[in-house]
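A.B. asks: I would like to see how this sequence folds:
(2 chains)
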Number of protein chains: 2
Amino acid sequence: MEIIQDIREMQRRASELRLQGRRIAVVPTMGAFHEGHLALMRMARQRADVVIATLFVNPLQFGPNEDYERYPRDWEGDLHKADSVGVNILFAPAVEAMYPNGYQTYVVVTELSRPLEGAIRPGHFRGVTTVVTKLFHLTCPHVAVFGQKDAQQALIIRRMVRDLNFDIEVLIHPIVREPDGLAMSSRNVYLSAEERAQAPALYRSLRWAEEAIRAGERNPEKVIEGMRRILRREAPLGHIDYVAVCDTETLDELVELRPGREVLVALAVRFGSTRLLDNVLLTVPE
Amino acid sequence: MEIIQDIREMQRRASELRLQGRRIAVVPTMGAFHEGHLALMRMARQRADVVIATLFVNPLQFGPNEDYERYPRDWEGDLHKADSVGVNILFAPAVEAMYPNGYQTYVVVTELSRPLEGAIRPGHFRGVTTVVTKLFHLTCPHVAVFGQKDAQQALIIRRMVRDLNFDIEVLIHPIVREPDGLAMSSRNVYLSAEERAQAPALYRSLRWAEEAIRAGERNPEKVIEGMRRILRREAPLGHIDYVAVCDTETLDELVELRPGREVLVALAVRFGSTRLLDNVLLTVPE
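C.D. replies: Numbers count the residues shown, from 1 in each chain, chains lettered A, B, ... in the order given. Predicted coordinates for the structure are as follows:
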């Protein structure tokens, strides 16, 4: 596996690979790789000749009181894991190279960035769309792979790619879970033993919602109420940031669950200062 | 000359040209070609194998009370002129294809978009940087050519290209002028005979500023005062939007003219609802 830290070198290599007719897939990450990341890399491996994983903890997507400084970092472990799943190039640029003095250009997706995570983390998605635009320009991919755990991010990136005419196919990999159902996340390492024991309640509440809708529940408020009840009971250490039943394209909160409709059920729960996200996509049965 | 209106077709062609190793230059325009545009196209011709001129009157860069609807259009004349200077592809997409329903992604350059034109036309540069990003993605250029008449725009695009890591060389062509000094602009056709007769005073005031600085004037306020005096006297039909002496990188207004410093002297004057821009770049003599 080749390691590139210089942004010009990355762009030169990508442009050279393009000219050779090689198909490039990129997997943008913030490192601290777990099975979720590796699944994205394996998916990329199957869809391209050259897999580039980017590893960049992007300060622009962290709020002033968030965990940028203490975000988990594991350089040696990451190298080993990325190499083991067939990543060809690991691109890990320096913050000063990505945001030099005088930096002032931002990419924003407006409506989709407002609800859910956007309401709680102002500026977060602006940071994401800006860095992803830069990483796309530096790695020239044909395909880019993101994870469904960050459902709103996935939707926003798809929208950005379409709106700005990036010639890139966006693939979204399903959520990878621990055996007890907890969605894999680099932030899971922050959890205390007790919090970790309660965290699988997130997925249990989502499974309950799926089941309730499958059994005929058509009132989103009832679904949300039931999920909140489960979370309060089974994860009393958690603070619920939101539980939402949304349109999968616009993220508008739904007022009724029409048969045949694709629905995103999403939630965010805070344990101390550790925020966990999870979601399920489902189609309301006829 | 090939004419392409479909955005997918444009992207397919550009990507094919890239794979063939051809060097692509793009000249983004809003049509109504005059000698200024043709000079950009000739410059592009010398720097690339394939010249793409884009012709798109971009609604996103016009304010609600601006001249989007009545912006000059001359399809037949434009085809003939572009062809005559060696443009290979004229790309003229439809508004609905560029901004389909649900469109919501914008590129913004913050600080540089605030003063001068930005203060008078809120949202204008957001429209410019967004459409230029889209056009870059659709035409995959190695080189892009813009005109110095829109000095702030040129600076903003350079900044955007650097900040977002576009792998594109930006060339700025000097202002092309009528024999009496008036900077060429598609909007000059709006001027009445009387306004047209007064319009060359803009460039005369800029020449006067150059001369004053060359002769030792080091106080920007004095330079601005003198220019305003000339404009009031020689272009009484004009309303001065601004006259500014700025840093060429940051557009900060200067408080003193230090020897060796590169300086942008820029102005905007309105005749009725027609806004004319002009500027000169100069180095303060030692």
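
A.B. asks: make it CA atoms for all contacts and neighbour counts henceforth
C.D. replies: Will do.

A.B. asks: count of residues packed around the residue nearest to A:Arg45 when sequence neighbours are not counted?
C.D. replies: For A:Arg45, ignoring the flanking residues on the chain, the nearest one in space by Cα to Cα, 6 or more residues apart in numbering or on different chains is A:Val51 at 6.0 Å. Using other Cα atoms under 10 Å in any protein chain shown as the criterion, A:Val51 is surrounded by 29 other residues.

A.B. asks: who touches A:Leu38 in this structure?
C.D. replies: Residues near A:Leu38 by Cα atoms under 8 Å, 6 or more residues apart in numbering or on different chains: A:81-82, A:85.

A.B. asks: before we move on, which element is it in?
C.D. replies: Take DSSP states H and E as the rule and A:Leu38 turns out to sit in helix A:35-47.

A.B. asks: so which bits of that helix are buried?
C.D. replies: Judged by neighbour count using 16 or more other Cα atoms under 10 Å in any protein chain shown, the buried positions of helix A:35-47 are A:36-45, A:47.

A.B. asks: closest one of these to chain B?
C.D. replies: Of all the buried residues of helix A:35-47, the one sitting nearest chain B is A:Arg47; the distance, using Cα to the nearest Cα, is 19.0 Å.

A.B. asks: for A:Lys134, see how far away the closest one is.
C.D. replies: Taking Cα to Cα, to the nearest Å as the criterion, A:Arg47 is separated from A:Lys134 by 22 Å.

A.B. asks: just A:Glu286 next, same as before
C.D. replies: For A:Glu286, the distance to A:Lys134 under the criterion Cα to Cα works out to 43 Å.

A.B. asks: more neighbours: which of the two?
C.D. replies: A:Lys134 (20 against 9).

A.B. asks: give the contact list for the more buried one.
C.D. replies: Under the criterion of Cα under 8 Å, 6+ apart, the contact partners of A:Lys134 comprise B:163-166.

A.B. asks: farthest pair within those residues?
C.D. replies: Maximum pairwise distance in those, criterion Cα to Cα, is 7.9 Å, between B:Asp163 and B:Phe166.

A.B. asks: burial of A:Val131, as a residue count?
C.D. replies: Neighbours of A:Val131 under the rule other Cα under 10 Å: 23.

A.B. asks: helix/strand/coil for it?
C.D. replies: Taking DSSP: H, G, I helix; E, B strand; the rest coil as the rule, one finds A:Val131 in the helix state.

A.B. asks: is it true that it touches A:Phe56?
C.D. replies: No: if you go by Cα atoms under 8 Å, A:Val131 and A:Phe56 don't touch, sitting 9.2 Å apart.

A.B. asks: any idea how far chain B is from A:Asp163?
C.D. replies: For A:Asp163, the distance to chain B equals 6 Å [Cα to the nearest Cα, to the nearest Å].

A.B. asks: ok, A:Leu60 next?
C.D. replies: For A:Leu60 relative to chain B (Cα to the nearest Cα), the value is 13 Å.

A.B. asks: spit out the contact partners of A:Leu264.
C.D. replies: Counting by Cα under 8 Å, 6+ apart, A:Leu264 makes contact with A:244-248, A:251, A:279-282.

A.B. asks: give me the buried subset of the contacts of A:Lys134.
C.D. replies: Going by neighbour count (16+ other Cα under 10 Å), the contacts of A:Lys134 have B:163-166 buried.

A.B. asks: helix/strand/coil for A:Leu264?
C.D. replies: When states are read from three-state DSSP, the local structure at A:Leu264 comes out as strand.

A.B. asks: now do it against chain B, distance only.
C.D. replies: Taking Cα to the nearest Cα, one finds A:Leu264 at 19 Å from chain B.

A.B. asks: tell me what that residue is bridged to.
C.D. replies: According to DSSP bridges, the partner residues bridging A:Leu264 are A:Cys246, A:Leu281.

A.B. asks: for the one 4 residues further on, same thing?
C.D. replies: According to DSSP bridges, the partner residues bridging A:Ala268 are A:Tyr242, A:Leu277.

A.B. asks: separation between it and A:Val243?
C.D. replies: Taken as Cα to Cα, the span from A:Ala268 to A:Val243 is 7 Å.

A.B. asks: what of A:Ser113?
C.D. replies: A:Ser113 sits 17 Å away from A:Val243 when distances are taken as Cα to Cα.

A.B. asks: same thing with A:Val26?
C.D. replies: In this structure, A:Val26 lies at 31 Å from A:Val243, with Cα to Cα as the measure.

A.B. asks: pretty sure A:Arg47 is touching A:Arg22, no?
C.D. replies: No: counting by Cα under 8 Å, A:Arg47 does not reach A:Arg22; the two are 11.4 Å apart.

A.B. asks: in the stretch 101-250 of chain A, which spans are strands?
C.D. replies: A:105-109, A:143-147, A:169-173, A:238-247 (DSSP state E, counting those that start in this stretch).

A.B. asks: for the one residue sitting closest to the centre of chain A, which non-adjacent residue is closest in space?
C.D. replies: The residue at the geometric middle of chain A, judged as the C-alpha nearest the mean C-alpha position with Cα atoms, centre = their mean, is A:Asp150 (3.2 Å). Using Cα to Cα, 6+ apart and skipping residues adjacent in sequence, the residue nearest A:Asp150 is A:Leu277, 7.3 Å away.
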